[in-house]
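S.K.: quick check, what structure comes out for this input:
(one chain, ligands or ions: 1)
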Amino acid sequence: MGESCAMSSASAATSGPWPLPPAIRASAVVHMAAIGAGALVPGAMPWAIGAVVLNHALITGAGLTPRSSLLGPNVTRLPDAAGARREVAITIDDGPEPEVTPRVLDLLDAHGQRATFFCIAERVLAHPALAREIVARGHSIQNHTARHRHNFSFLGPRGFASEIARAQDILAETIGQRPTCFRAPAGLRNPFLEPVLHRLGLSLVSWTRRGFDTREGNPAKVMARLARNLQARDILLLHDGNAARTPEGNPVLLEVLPLLLERLRADGLSAVTLPEGLKP
Ligand SMILES: [Zn+2]
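M.R.: Okay, the predicted model is just below:
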């Protein structure tokens, strides 16, 4: 508790009034200009409507692009200071999962590395001892919503607030630490999300690279995606919950993680939690 997840650029967003993201400001200008032109300039109405439609398409596109910063601050890499420390962040989503997570903890221990678990709060409620063990073994748990709703990116301000604030309360009560980082289900969102995160003191964290390990059951392919240009400051996305299975029926994370941890060791990189890695 108390350690900020926010990078210096993002931490300013967690105090004071909500700063309008550039895309929202530009969007307001487009709407006002369209209303003005449509009303005052003969023949301009179709163009004004076209501009507004295009504007909405761009905003929607930004929401469907997990690594975009157009809708507000979005951490996709650790800061420069982490680069100097040769750090990366392994993030593991959608757990805790009793069949997988304990074995993940053993693998991390065996290599002396740390990870961040973006947990679904209702799964934490179902497996509170496992969640507490994650933290007791030196890892970090952060907010991945209460229920991981599939229509999350279509929610409005109240829907976002209830999914995220409820997760904050469940996690704080269960593990004794209030998260400072948030990740949206599948990384998808809309312009109503950022004001809610700002109010709750949460920073949106996406990733540098992901292995698509909820769909890809071939460990070599997942590893190749994660390790392409692997370097300090990377934030890597994997899953203990909803993990794809190898042809032998193993959750793919359990076969990818040893390869990844070995590669980090060979490259002289260390995996740290997000609160550690985001320290300036
Ligand atoms: Zn997820």
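
S.K.: going forward, measure contacts and count neighbours with C-alpha atoms only.
M.R.: Noted.

S.K.: which residues touch the helix or strand containing residue 263?
M.R.: Using DSSP states H and E, residue 263 falls within helix 252-266. With contact meaning CA atoms under 8 Å, 6 or more residues apart in numbering, helix 252-266 is reached by 100, 103-104, 107-108, 111, 113, 213, 216-220, 222-223, 227, 238-240, 243-246, 270-271.

S.K.: same deal with stretch 65-84?
M.R.: Against stretch 65-84 from outside (CA under 8 Å, 6+ apart): 7, 9-10, 13, 20-24, 59, 62-63, 88-89, 186-191, 194, 203-208, 232-235, 277-280.

S.K.: quick one: contacts for the one residue in the stretch 151-280 of the chain that gets nearest to the ion?
M.R.: Residue nearest to the ion within the stretch 151-280 of the chain: residue 185 (4.3 Å; CA to the ion). For residue 185, the contact set (CA under 8 Å, 6+ apart) comprises 144-145, 148-150, 152.

S.K.: among those residues, name the ones in strands.
M.R.: Of the contacts of residue 185, none are assigned to strands by DSSP state E.

S.K.: need these in JSON lines (columns: pLDDT and distance to residue 42).
M.R.: Below are the contacts of residue 185 laid out as JSON lines (pLDDT from 0 to 100; distance: CA to CA, whole Å):
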{"residue": "144", "pLDDT": "98", "distance to residue 42": "50"}
{"residue": "145", "pLDDT": "98", "distance to residue 42": "49"}
{"residue": "148", "pLDDT": "96", "distance to residue 42": "49"}
{"residue": "149", "pLDDT": "95", "distance to residue 42": "46"}
{"residue": "150", "pLDDT": "91", "distance to residue 42": "45"}
{"residue": "152", "pLDDT": "92", "distance to residue 42": "41"}
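
S.K.: report the two of those separated the most.
M.R.: Spanning the widest gap among the contacts of residue 185 are 144 and 150, at 12.4 Å by CA to CA.

S.K.: these two: which has the busier surroundings?
M.R.: residue 144 (27 against 10; other CA atoms under 10 Å).

S.K.: follow-up on the earlier one: narrow the contacts of stretch 65-84 to those in helices?
M.R.: 9-10, 22-24, 59, 62-63, 194, 277 (DSSP state H).

S.K.: and the residues you listed, which of them are buried?
M.R.: 10, 23-24, 59, 62-63, 194, 277 (16 or more other CA atoms under 10 Å).

S.K.: lowest pLDDT pick from those residues?
M.R.: In terms of pLDDT, residue 10 ranks lowest among those, with 41.

S.K.: pull the longest strand from this protein.
M.R.: In the chain, taking DSSP E as the definition, the longest strand is strand 87-93.

S.K.: off-centre distance for the helix or strand that that one is followed by?
M.R.: Note on strand 87-93: by DSSP H and E, the next helix or strand toward the C-terminus is helix 101-111. Relative to the centre of its chain, helix 101-111 is centred 22 Å away, using CA atoms, centre = their mean, to the nearest Å.

S.K.: over to stretch 159-171?
M.R.: On CA atoms, centre = their mean, the centre of stretch 159-171 falls 15 Å from that of its chain.

S.K.: using PDB, list the CA coordinates for it.
M.R.: Only the C-alpha atoms of stretch 159-171 are listed here, as PDB (Å, rounded to 0.1, in the frame of the first residue of the first chain):
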ATOM      1  CA  GLY A 159     -20.900   0.800 -14.800                       C
ATOM      2  CA  PHE A 160     -17.200   1.500 -14.800                       C
ATOM      3  CA  ALA A 161     -17.300   3.000 -11.300                       C
ATOM      4  CA  SER A 162     -19.200   0.000  -9.900                       C
ATOM      5  CA  GLU A 163     -16.900  -2.700 -11.600                       C
ATOM      6  CA  ILE A 164     -13.700  -0.900 -10.600                       C
ATOM      7  CA  ALA A 165     -14.500   0.500  -7.200                       C
ATOM      8  CA  ARG A 166     -16.000  -2.800  -6.000                       C
ATOM      9  CA  ALA A 167     -12.800  -4.600  -7.100                       C
ATOM     10  CA  GLN A 168     -10.700  -2.000  -5.200                       C
ATOM     11  CA  ASP A 169     -12.800  -2.700  -2.000                       C
ATOM     12  CA  ILE A 170     -12.600  -6.500  -2.400                       C
ATOM     13  CA  LEU A 171      -8.900  -6.500  -3.000                       C
END
